[in-house]
Structure formats: C-alpha cells, structure tokens
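Student: Sharing a sequence plus its predicted fold:
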Amino acid sequence: QVQLVESGGGLVQAGGSLRLSCAASGGTFSGYAMGWFRQAPEKEREFVAAVNWIAYNPYYADSVKGRFTISRDNAKNTVYLQMNSLKPEDTAVYYCAADPYLGYPEITRGHEYDYWGQGTQVTVSS
C-alpha cells in the first residue's frame, strides 16, 4: 500500500520561505509522477507543481513559477517543494500526490492521481 506523508508546513510571514517534504513508501516509485496540490478555504483544489520521477520534467502553475521549486531525492523516495517569496494567497493545505507515470497535461490534474497524503497546512501572514 502506497503511503505519502507530508511535513514542513507552518506559519510564515509574507516574503518568507518554507520547504515541504513528501516521503513515499510502500511501492516502487521509479517512473511515478509526484505532484503538489493545494486547497484554500472555500476554494477548489489546485495544481501547484509536479515532476516525473524518471525524466525529471518539472511543471508549475503560473501562480508559483519563479517562486517555488520541486525536487526529488530518489534514494529517500522523497519529493520536496521549496517555497520562496511566499504571499498570503499561498495560504492553503498542501497535498502531495503520486501515480504511476503520467504524461503532460495529466500530471497537472488532481483527479489523475491515485495516491494522496494527508496534507500539511501552510499559513502566510501579511
């Protein structure tokens, strides 16, 4: 059974940084797509960033390009989301997701992913 565990969320002032981690277990993740999504109160879940495990092609939502960076550590089965220059509108619960190889544009669509973490809260104060 695939399990995803996020960590690294918290409260930060606008302009600050956080790094989220997503540790995957219970499967062979070679070839898996790994994505980050977020959901703010009273809003729909939205795509943030994703990376194909083998090809390492990163994809980003326009709202985070240039501020967020997705990366992965194959040896640790862990994906990271480095978030810089945070804004109050980045406040949300951030979810990690995984699925066997997804191409583009499916890799940006939440409903394409089979496995999800429990989420970690990110709050950016103004």
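Tutor: Here it is on my side, so go on.

Student: Neighbours of Leu86, how many?
Tutor: 22 (other CB atoms under 10 Å). C-beta coordinates here come from the backbone N, C-alpha and C atoms, glycine included.

Student: residues in contact with it?
Tutor: Neighbour list for Leu86: Val12, Ala14, Gly15, Gly16, Ser17, Leu18, Arg67, Val122, Val124 [criterion: CB atoms under 8 Å, 6 or more residues apart in numbering].

Student: make it 6 Å
Tutor: Val12, Gly16, Val124 (CB atoms under 6 Å, 6 or more residues apart in numbering).

Student: which stretch of helix or strand covers it?
Tutor: Following DSSP states H and E, one finds Leu86 outside all helices and strands.

Student: Distance check, it against Phe68.
Tutor: 9 Å (CB to CB, to the nearest Å).

Student: returning to that earlier point: now the buried members of the contacts of Leu86.
Tutor: The neighbour count (16 or more other CB atoms under 10 Å) marks Val12, Val124 as buried among those.

Student: Which member of the contacts of Leu86 is positioned nearest Arg38?
Tutor: Nearest to Arg38 out of those is Val124 (CB to CB; 11.6 Å).

Student: what pLDDT does that closest one get?
Tutor: Looking at Val124, its pLDDT is 98.

Student: Mind pulling up the pLDDT for the residue nearest to it when sequence neighbours are not counted?
Tutor: Nearest non-adjacent residue to Val124, counting by CB to CB, 6 or more residues apart in numbering: Leu86, 4.6 Å away. Looking at Leu86, its pLDDT reads 98.

Student: That's all I had, so thanks and see you.
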